[in-house]
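Undergrad: No letters, just coordinates:
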C-alpha cells in the first residue's frame, strides 16, 4: 500500500456519516441504483438499503448486494425491516412524495440521524413508506414535468444533507466507531485478502501502522496449515495468490 493510497482511504473514512443513509424502495433500474450508490459515496454515506421491486422485477435479483467497493448495501424483501431497525437507533425517516403536506426538501434538518426513502420510477414510494415516514419532502420545480429522475432527486436531497452537515462540522472529525473504521479500512485496503477471509469465515489479520498486514508471511503460513484440510484445491490456489502479493508488499 502506497502512502498516497493510505492517506486517501484514511481521509475518506474520516468523513463517513454513519447516521445518514438512503433507502431505495422498489427501484427497478440498475443504472438508477448505481447512480444513487455513487451519490452515497460522494456525500459520505457508508451504507444504503434496497427493497425488492413490487412489480416482481429487480435488477439485483440473484446478486448479493454489499459487494460494492465503497458503499455497502443491504437488500430486503420488505421496507419495514430496515426502516424499523433505523428508527430504533433514532433515525428520522424522510420520503419524497407529492402530498399537500410535503415540505421543501431544504427545510428538513439533516444533521439529525436521517434515512431518506426514494420510491421507484413509476409508482413513487409505497404505501408502507407513507405509513413509516416522519417528513414528506418535495423538490420545487417550475417546468412542465412534475418529477425528476429518482437518482437525480436523491442526489439533490443528499447534497443538501451534505451541505448542512458540512456547516455543522460533521466532516471535520471521524464519526465511525473504531471497530467499523478498522473493518472498512481493511476491506478497502486489502480486497483480495478480504475476499479470502470472508469465504473461509476467518477474522481479518491485524494491520501495522502503515496499513499493511502485520507479519503477513506468518499469517499466511498459519492460515494454510489450519484450513488446508477443509479447503478445495481452488481455494488453496487462491490463498497462494494472496500470499504472493503479501510477500511482495513486505
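TA: Done, it's in. All values derive from a computational prediction rather than experimental measurement.

Undergrad: Please tell me how far the residue positioned nearest the centre of the chain sits from residue 37.
TA: Centrality entry for the chain: nearest residue to the mean C-alpha point is residue 47, 2.4 Å, by Cα atoms, centre = their mean. To residue 37, residue 47 is 10 Å away according to Cβ to Cβ, to the nearest Å. Backbone N, C-alpha and C define where each C-beta goes, glycine included.

Undergrad: Give the residues shared as contacts by the two.
TA: Residues within reach of residue 47 and of residue 37 at once, by Cβ atoms under 8 Å, 6 or more residues apart in numbering, are 71, 73.

Undergrad: where exactly do the strands run in the chain?
TA: For the chain, the strands defined by DSSP state E occupy 20-25, 47-51, 72-76, 92-96, 103-104, 114-119, 135-138.

Undergrad: buried stuff in the third one?
TA: What it means is strand 72-76. Residues of strand 72-76 classed as buried: 72, 73, 74, 75, 76 (neighbour count, 16 or more other Cβ atoms under 10 Å).

Undergrad: Columns distance to residue 157 and pLDDT on top of those residues, output as CSV?
TA: Listed next are these as CSV, based on distance: Cβ to Cβ, whole Å; pLDDT from 0 to 100:
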residue, distance to residue 157, pLDDT
72, 20, 91
73, 18, 87
74, 20, 87
75, 22, 88
76, 21, 90
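
Undergrad: Looking at those, spot the one nearest residue 158.
TA: residue 73 (14.9 Å; Cβ to Cβ).

Undergrad: Can you tell me how far the closest one is from residue 41?
TA: 11 Å.

Undergrad: Show me the domain layout of this structure.
TA: Per automatic domain parsing, the structural domains of the chain span 18-167, 178-249.

Undergrad: Can you find the helix or strand of this structure with the lowest average pLDDT?
TA: None of the helices or strands of the chain scores lower by mean pLDDT, DSSP states H and E than helix 233-249, at a mean of 56.

Undergrad: Look at the residue nearest to the centre of the chain and report its pLDDT.
TA: According to the prediction, residue 47 has pLDDT 95.

Undergrad: again with residue 230
TA: 49.

Undergrad: re earlier: look up how far residue 180 lies from the residue nearest to the centre of the chain.
TA: On the measure of Cβ to Cβ, residue 47 and residue 180 end up 10 Å apart.

Undergrad: And residue 154, by the same measure?
TA: 23 Å.

Undergrad: Same drill for the two, tell me which one is more crowded.
TA: Taking other Cβ atoms under 10 Å, residue 154 and residue 180 do not tie; residue 154 has more neighbours (26 against 15).

Undergrad: Which residue, neighbours along the chain excluded, lies closest to residue 21?
TA: Spatial nearest neighbour of residue 21, excluding adjacent residues (Cβ to Cβ, 6 or more residues apart in numbering): residue 115 at 5.1 Å.

Undergrad: wait, what's in contact with that neighbour?
TA: 21, 22, 23, 82, 83, 86, 91, 92, 93, 94.

Undergrad: now residue 78
TA: Counting by Cβ under 8 Å, 6+ apart, residue 78 has contacts 51, 128.

Undergrad: give me that answer again for 7 Å
TA: Applying Cβ atoms under 7 Å, 6 or more residues apart in numbering to residue 78 gives the contacts residue 51.

Undergrad: Same check on residue 108?
TA: 94, 135, 137.

Undergrad: Report the two of the buried residues of strand 72-76 separated the most.
TA: It's 72 and 76 that sit farthest apart of the buried residues of strand 72-76, by Cβ to Cβ, at 13.6 Å.
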